[in-house]
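Participant: The following comprises the amino acid sequence and a computationally predicted model.
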Amino acid sequence: MERLLAPLLFLLFPALTHSAPSGLDQLVNALQAKYARLSSLAAGFTQIYTAPGERMRRESGQLLLKKPGKMRWDYTTPEAKLYVSDGKSIYEYVPAERLATRTKVKEASDLRAPFMFLLGRGDLRRDFKQIEFASESPARAGNRVIRLVPKRAQEFRELLIEVEPNSLQLARLSVIDRNNARSDFLFSNIRENVALDDSQFAFKPPAGVEVREQ
């Protein structure tokens, strides 16, 4: 199974001016407040990976997030695979390979780590040194795109977050790494604060499946 690059869905933004709140300030404040209150989220997703000199890859599936720190990515197209975390360990499993890998969350290096911001694991102003409205156009008319640069050295160079400014609903999260490889996560049918059982975030390897420490 190909690794998805560097940690994606635990963080997001930096310190801003102390003057009267701007449109950007207000949006950041509202996002931080909303996702601090969020307990769970379910959505469909499409992931598009592009990199210089490589063929574009497109995958899709279903995403579940639950506080504290639980994630489940069920990829269905073009290949079935699973990425699931109970908040302590992360498992990646490809049924066709009959192999799973286990990584401690603190040691994980994957593009999905910034999603942990949605689970209360990140602080926008604490974790990012630069925040601004991005120059690129949103995927959906009327949305706003925010560009974020992390304070600490990360596997990713910057994040782009596209939101609907009134509902603050995520439309897209894009992760760009230091080699200009990019993963765009596009979301659909987002449901917030849905009832999710902890068992949905536990990995039990099927009979005959080897689990290796990453």
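Facilitator: Nice, thanks for sending it over.
Participant: from the chain's centre, how far out does the helix or strand where residue 73 lies sit?
Facilitator: Assigned by DSSP states H and E, residue 73 belongs to strand 70-77. How far strand 70-77 lies from its chain's middle: 12 Å, per Cα atoms, centre = their mean, to the nearest Å.
Participant: export the least confident helix or strand in the chain by mean pLDDT as CSV, just CAs?
Facilitator: Ranking every helix and strand in the chain by mean pLDDT, DSSP states H and E puts helix 124-127 at the bottom, with a mean of 80. In CSV, the C-alpha atoms belonging to helix 124-127 read as follows (Å, rounded to 0.1, in the frame of the first residue of the first chain):
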residue,chain,number,x,y,z
LEU,A,124,-5.1,27.3,14.7
ARG,A,125,-3.1,30.2,16.1
ARG,A,126,-0.7,28.0,18.1
ASP,A,127,0.2,25.6,15.4
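Participant: Buried residues, the very next helix or strand once past that helix. List them.
Facilitator: Using DSSP H and E, the helix or strand that follows helix 124-127 in sequence is strand 128-133. For strand 128-133, burial by neighbour count (16 or more other Cβ atoms under 10 Å) applies to 128, 131. (C-beta placed from N, C-alpha, C; glycine too.)
Participant: before we move on, what about stretch 128-147?
Facilitator: 128, 131, 134, 138, 143-147.
Participant: so which of those would you say is closest to residue 202?
Facilitator: Closest approach between these and residue 202, by Cβ to Cβ: residue 128, at 31.9 Å.
Participant: Can you pull out the low-pLDDT segments for the chain?
Facilitator: 1-22, 107-122, 153-155 (pLDDT under 70).
Participant: Spell out the residue ranges of the helices in it.
Facilitator: All helices of the chain, identified by DSSP state H, fall at 23-37, 124-127.
Participant: Name the stretch among these that sits most buried.
Facilitator: Stretch with highest mean neighbour count among these: helix 124-127 (a mean of 18; mean count of other Cβ atoms under 10 Å).
Participant: what would the helices of the chain look like in TSV with distance to residue 94?
Facilitator: Putting the helices of the chain into TSV (distance: least, Cβ to Cβ, whole Å) gives the following:
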stretch	distance to residue 94
helix 23-37	30
helix 124-127	31
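Participant: Tell me which of those approaches residue 85 most closely.
Facilitator: helix 23-37 (17.5 Å).
Participant: what angle do that closest one and strand 128-133 make?
Facilitator: Counting by axes from the mean of the first three to the mean of the last three Cα atoms, to 10 degrees, helix 23-37 lies at 120 degrees to strand 128-133.
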